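In: sequence unknown, structure follows:
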């Protein structure tokens, strides 16, 4: 998980992952789209591959990279656990707020009555 | 993290900073209840949270209020007692109101990469422990 986030935390690598979201791409095409040098792109792809974010397959002379859904799914599940804790907290907070609103309304109508 | 509440921000802010109200909603994972809560809403004010579970185990954090603009903005530091995240975090909460509804935006900044990694690791381990609990519960119900 930490490796995944570290790998994604670099702007060029993040950009590569965004590109691969559209589908598998050969290295050459990514070099063109990113406007970086080939060795730089290869270095970033190696980091992403070691972190398990991308997979590579060799097709004739070309190396084709694709996203590995498992890494992203792991991250999604991790976030989901936090989201659930906070969402149940917020639902309790919703109830507290409803109560505060009702109390305020009552107090407001009492005040109006006593003013009359 | 962002969430919309169906109440004016004056009330959202109140529910967010009044200990008796916070204890009613600010739980930890798996029903850890907020047992001790101090929140001094002023710059330099003291913050103390302690959660307890049913077995009486507790976990707590202390901090200092850095910004307090009622009812718009809060910023405070947080540091866990046993420092399992490896450093202080700065939490900023902004409340904006539109047509009687309040949008809350919370950002957490870690003091270092080590602190962030520590939080991630612990979150993951806590989450895994929770999954094991659930698995254990499931196995018991099958028996």
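Out: Right, received. Where do you want to start? Nothing here was measured: the structure is a model prediction, and the numbers come from that model.
In: show me the shaky parts of chain A.
Out: Residue ranges of chain A with pLDDT under 70: A:111-116.
In: would you point out which residue of it is nearest chain B?
Out: Per Cβ to the nearest Cβ, residue A:92 is where chain A lies closest to chain B, at 3.6 Å. C-beta: built from backbone N, CA, C; applies to glycine.
In: how does chain A divide into domains?
Out: Domain segmentation of chain A under automatic domain parsing yields A:2-67, A:70-116.
In: buried deepest among these, which one?
Out: Here the criterion is mean neighbour count by mean count of other Cβ atoms under 10 Å in any protein chain shown, and of the domains of chain A the winner is domain A:2-67, at a mean of 15.
In: right, is that domain up against chain B?
Out: Yes. Applying Cβ under 8 Å from any Cβ of the partner chain, one finds domain A:2-67 touching chain B at A:2, A:5.
In: so what does residue 46 have for phi and psi?
Out: Picked chain A for this. When quoted as degrees, to the nearest 10, the phi and psi of residue A:46 stand at phi -60, psi -40.
In: now swap in the one 4 residues further on and tell me
Out: Main-chain torsions, residue A:50, degrees, to the nearest 10: phi -70, psi -30.
In: need the contact list for it.
Out: By Cβ atoms under 8 Å, 6 or more residues apart in numbering or on different chains, the contact list for residue A:50 reads A:3, A:7.
In: centre-most residue in chain B?
Out: Nearest to the mean C-alpha position of chain B, by Cα atoms, centre = their mean, lies residue B:26 at 6.7 Å.
In: how about the strands in chain A?
Out: Taking DSSP state E to define them, one finds strands in chain A at A:25-26, A:54-59, A:62-67.
In: scratch that, chain B is what I was asking about
Out: Under DSSP E, chain B gives strands at B:2-5, B:33-39, B:46-52, B:58-69, B:73-80, B:89-98, B:101-110.
In: got JSON lines for those strands, with mean neighbour count, mean pLDDT and distance to residue A:53 too?
Out: Below are those laid out as JSON lines (neighbours: other Cβ atoms under 10 Å in any protein chain shown; pLDDT from 0 to 100; distance: least, Cβ to Cβ, whole Å):
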{"stretch": "strand B:2-5", "mean neighbour count": "15", "mean pLDDT": "91", "distance to residue A:53": "26"}
{"stretch": "strand B:33-39", "mean neighbour count": "15", "mean pLDDT": "95", "distance to residue A:53": "37"}
{"stretch": "strand B:46-52", "mean neighbour count": "17", "mean pLDDT": "95", "distance to residue A:53": "35"}
{"stretch": "strand B:58-69", "mean neighbour count": "16", "mean pLDDT": "94", "distance to residue A:53": "33"}
{"stretch": "strand B:73-80", "mean neighbour count": "18", "mean pLDDT": "93", "distance to residue A:53": "30"}
{"stretch": "strand B:89-98", "mean neighbour count": "16", "mean pLDDT": "93", "distance to residue A:53": "26"}
{"stretch": "strand B:101-110", "mean neighbour count": "15", "mean pLDDT": "87", "distance to residue A:53": "22"}
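In: quick one on the thing from earlier: touching, the residue nearest to the centre of chain B and residue A:86? I think so.
Out: No. The criterion here is Cβ atoms under 8 Å, and residue B:26 misses it with residue A:86 at 10.0 Å.
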